[in-house]
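In: Predicted model and sequence below, questions to follow.
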Amino acid sequence: MKNILIVTDAWHPQVNGVVRCLDKVGDELEMMGHRVTYLTPERFWTMPMPTYPEIRLSLASLGQVEEIIDQVEPDFIHIATEGPLGLLARHVLINRDLPFTTSFHTRFAEYLAARLPVPCEWSYAYLRWFHEPAVRTMAPTKGVVADLTSRDFKDVVPWTRGVDVNRFKPAEKSLFKHLPGPHLLCVGRVAVEKNVEAFLRLDVPGTKIVVGDGPQLVELRSRYPQAVFTGQKSGAELSAHYQSADVFVFPSKTDTFGNVMIEAMACGSPVAAYPVIGPIDVLTDPAAGVMHKDLAQATTAALHLDRANARHHAMRFTWRQCAQMFFDYLAPMVQKASKAA
């Protein structure tokens, strides 16, 4: 058994792919016999992140983070995010000359540029500096690995994602029967960086349904009254929305992976998306999803795909595989100096 500490600024009650991934990986690692401890904002006072109040920034001290690391006595430390906790843990480990791994989950540079006049180059300079001391930086797809490598990030490796195929599985359509078809679904944070408005602007027949919450919800609900906005869903309710959709539309151009795509496919819903980082590595089977620069064209084409093929493709993504890759990439907590000796 190994003792693993995961440091993350993204944690419950946030609902996003980062939290879901780290949570599921921890569950799988514990089923494999390891002990997993999370260092998260739950342990500290927090403040809302400017322009993104749902995300809480930890007001932790260096001494508090050092104390927790010493108490846990980990065999491996992984820093999952580039926020305040990640920075403090990074500082401790560098000062102690200890190895660690990091992961790149979010295209923070593009997210920030969509909200504020901050050039992507500035943000990438910070991210490159943050990840540089890591033994390895895990990225969700080969496309993200290639993109980061082209930006002079070092030692970047691909780390896939998974889906719970027992929770997300095909079933009879139980929703939307009173709405004109086809039923087009988009699930995710209703925020500018998710490009939800591109979905709502599509000139295609049917009803557009948006599942999720976020800072753009009130604005888009007002501007697109013909669309259905359900708010955030989880559990069986979320599965029912996937199962009842004729096509799942993924309009984001900034996601590094897009967990919602494999959740939708696991429920039998074919996917329509732009041919960008994320979809190009997930929708590798044209029988399961369609990518096109014209999202309306991709949506129309996806309506003709066999739902069984979407399910079959999603079965390739497992959380056990994701957890095993994560574990194999971890760096043992051995001082570099003693290691060299």
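Out: All right, it came through fine.

In: Report the helix or strand with the lowest average pLDDT across this structure.
Out: The helix or strand of the chain with the poorest confidence is helix 336-340; it has a mean of 46 (mean pLDDT, DSSP states H and E).

In: ok now do the residue lying closest to Thr141 once chain neighbours are set aside, which residues does it touch?
Out: Spatial nearest neighbour of Thr141, excluding adjacent residues (Cβ to Cβ, 6 or more residues apart in numbering): Asp281 at 3.5 Å. To be clear about C-beta, it is placed using only N, CA and C from the backbone, and glycine gets the same treatment. Counting by Cβ atoms under 8 Å, 6 or more residues apart in numbering, Asp281 touches Pro140, Thr141, Lys142, Gly143, Val144, Phe257.

In: What helices and strands are in contact with the helix or strand where Ile209 lies?
Out: In this structure, Ile209 sits in strand 207-211 according to DSSP states H and E. Of the remaining helices and strands, those touching strand 207-211 by 3 or more Cβ pairs under 8 Å, 6 or more residues apart in numbering; DSSP states H and E are strand 183-187, helix 196-200, strand 228-231, helix 235-244.

In: going on from that strand, what's the next piece of helix or strand?
Out: helix 217-223.

In: related to what we said a few turns ago, out of the helices and strands packed on strand 207-211, nearest to Ala314?
Out: Closest to Ala314 of the helices and strands packed on strand 207-211 is helix 235-244 (Cβ to Cβ; 10.5 Å).

In: Can you list the neighbours in contact with the closest one?
Out: So helix 235-244 is in contact with 167-176, 183, 185, 187, 209, 211, 230, 233, 248, 263-264, 266-269, going by Cβ under 8 Å, 6+ apart.

In: Would you mind listing where the stretch 1-150 of the chain has pLDDT under the threshold?
Out: The stretch 1-150 of the chain contains residues with pLDDT under 70 at 51-52.

In: And the helices in it?
Out: Using DSSP state H, counting those that start in this stretch, the helices assigned to the stretch 1-150 of the chain run over residues 17-31, 62-72, 84-95, 108-115, 120-131, 142-150.

In: nearest to Glu219, of those?
Out: Among these, helix 108-115 sits nearest to Glu219 (Cβ to Cβ), with 13.9 Å.

In: list the contacts for Thr160?
Out: Pro140, Thr141, Phe317, Gln321, Cys322, Met325.

In: Please repeat the previous calculation with a cut-off of 7 Å.
Out: Phe317, Gln321, Cys322, Met325 (Cβ atoms under 7 Å, 6 or more residues apart in numbering).

In: Just the buried residues out of those, in PyMOL syntax.
Out: Buried subset of the contacts of Thr160, written as a PyMOL selection, criterion 16 or more other Cβ atoms under 10 Å:
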select buried, resi 317+322+325
